[in-house]
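Visitor: Provide a 3D model corresponding to the input given below.
(one chain, ligands or ions: 1)
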Amino acid sequence: MTDAAPGGRSGAAILVTDLTVRLDGALIVDGVDLEVTGGEWVTVIGPNGAGKSTALRAVAGLLPFRGTVHLHGRPVDRLHRRDRAKTVAVVVQNPVVPPAMTVFDYVLLGRTPYIPPLGRESAADLAVVDEELAALDLRAFAGRRLDTLSGGERQRVFLARALAQGAEILLLDEPTSALDIGHQQEVLELVDRLRAERSLTVLATMHDLSTAGEYADRMVLLSAGRVAAAGTPTEVLTEANLAEHYRVKVRIIPGDHGPLVVAVRH
Ligand SMILES: Nc1ncnc2c1ncn2[C@@H]1O[C@H](COP(=O)(O)OP(=O)(O)OP(=O)(O)O)[C@@H](O)[C@H]1O
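Guide: Modelled structure (predicted):
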């Protein structure tokens with residue numbers, strides 16, 4: 001008998017149906033359908049204001065929405081806060097951080113869902129933090145204040161905190177926006193390696209189209225809150241799609257790991 005819930009472990013890690021989000025009465029995400037298989041990397045692209053961050057926050061259960069979002073078969077809006085945090089970890093754009101907090105203590109925040117109310121972190125929690133710091137080459141920074149780190153170091157710390165949650169689904173909102181080209185590649189390679197090692201499912205938003213296409217298995221082009229195109233990077237990153245939704249003339253050059261997008265003057 002097969003009675004698996006929608007998007008159960010045998011199926012999608014993320015299953016989104018008719019996702020609709022209004023913010024202060026404005027329709028921001030308008031009937032989005034999306035399915036991400038376990039272990040897959042899907043990147044949402046789209047022009048400024050298309051609704052990418054809003055959609056991602058709704059998938060994370062951080063915003064009220066209409067429609068359904070199932071994470072490993074469970075409706076995100078019915079998950080208890082702790083269970084949700086064990087299921088999905090989010091790295092938002094420019095998170096507000098206590099500047100004087102140390103890297104170690106910040107990454108330890110990722111263990112919050114495992115620490116009993118009024119309880120203290122266990123030796124196992126501390127060990128997880130140490131492991132994540134090692135995995136992201138951050139051990140030397142453990143005692144450093146967050147406000148003394150460079151943009152690239154901070155981004156690795158945000159990732160370490162998310163990974164310390166032990167969630168199989170990772171949502172990344174513009175994970176490389178503050179980084180130079182070398183650190184962009186470093187962070188994305190790291191995510192890709194961890195995805196393979198830990199069978200993580202990645203749903204990201206990104207602006208750099210060529211880089212997005214290099215790492216994503218599939219892409220979704222969001223425009224005015226709706227899915228305008230979805231498929232492999234080669235299917236989505238076309239001159240016609242980008243002209244229509246970004247109002248830009250581009251040239252698409254075949255690359256080793258996907259199409260390379262170059263904007264050209266009119
Ligand atoms: N509280 C709000 N009330 C009304 N509109 C809002 C509210 N918050 C955000 N918006 C609008 O929602 C739209 C989508 O914002 P969102 O941040 O999701 O877009 P995005 O695709 O991630 O954009 P960007 O690429 O610029 O980061 C924007 O036009 C924004 O101004």
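Visitor: Show me which residues of the protein sit near the ligand.
Guide: Counting by C-beta under 6 Å from any ligand atom, the residues of the chain lying close to the ligand are 23-24, 26, 28, 46, 48-54. Where you see a C-beta, it was placed from the backbone N, CA and C, and this is true even at glycine.
Visitor: which of those are buried?
Guide: 28, 46, 50-54 (16 or more other C-beta atoms under 10 Å).
Visitor: Which pair of the residues you listed spans the longest distance?
Guide: The most widely separated members of those, counting by C-beta to C-beta, are Ile28 and Gly46 (11.9 Å).
Visitor: Do a quick rundown of the helices in this structure.
Guide: With DSSP state H as the criterion, the chain has helices at 52-59, 81-87, 103-108, 123-135, 151-164, 181-198, 209-215, 233-236, 239-246.
Visitor: could those helices go into CSV alongside mean pLDDT?
Guide: Shown next, in CSV, are those (pLDDT from 0 to 100):
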stretch, mean pLDDT
helix 52-59, 98
helix 81-87, 95
helix 103-108, 97
helix 123-135, 94
helix 151-164, 92
helix 181-198, 91
helix 209-215, 95
helix 233-236, 97
helix 239-246, 96
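Visitor: Pro254 is nearest to which of these?
Guide: Among those, helix 233-236 sits nearest to Pro254 (C-beta to C-beta), with 8.6 Å.
Visitor: Which strands or helices does the closest one pack on?
Guide: When contacts are defined as 3 or more C-beta pairs under 8 Å, 6 or more residues apart in numbering; DSSP states H and E, helix 233-236 sits against helix 209-215, strand 218-223, strand 226-231, strand 258-263.
Visitor: Quick check: buried residues in that helix?
Guide: So helix 233-236, judged by 16+ other C-beta under 10 Å, has buried residues 233, 236.
Visitor: which ones are touching Pro47?
Guide: The neighbourhood of Pro47, defined by C-beta atoms under 8 Å, 6 or more residues apart in numbering, consists of 223, 245-247.
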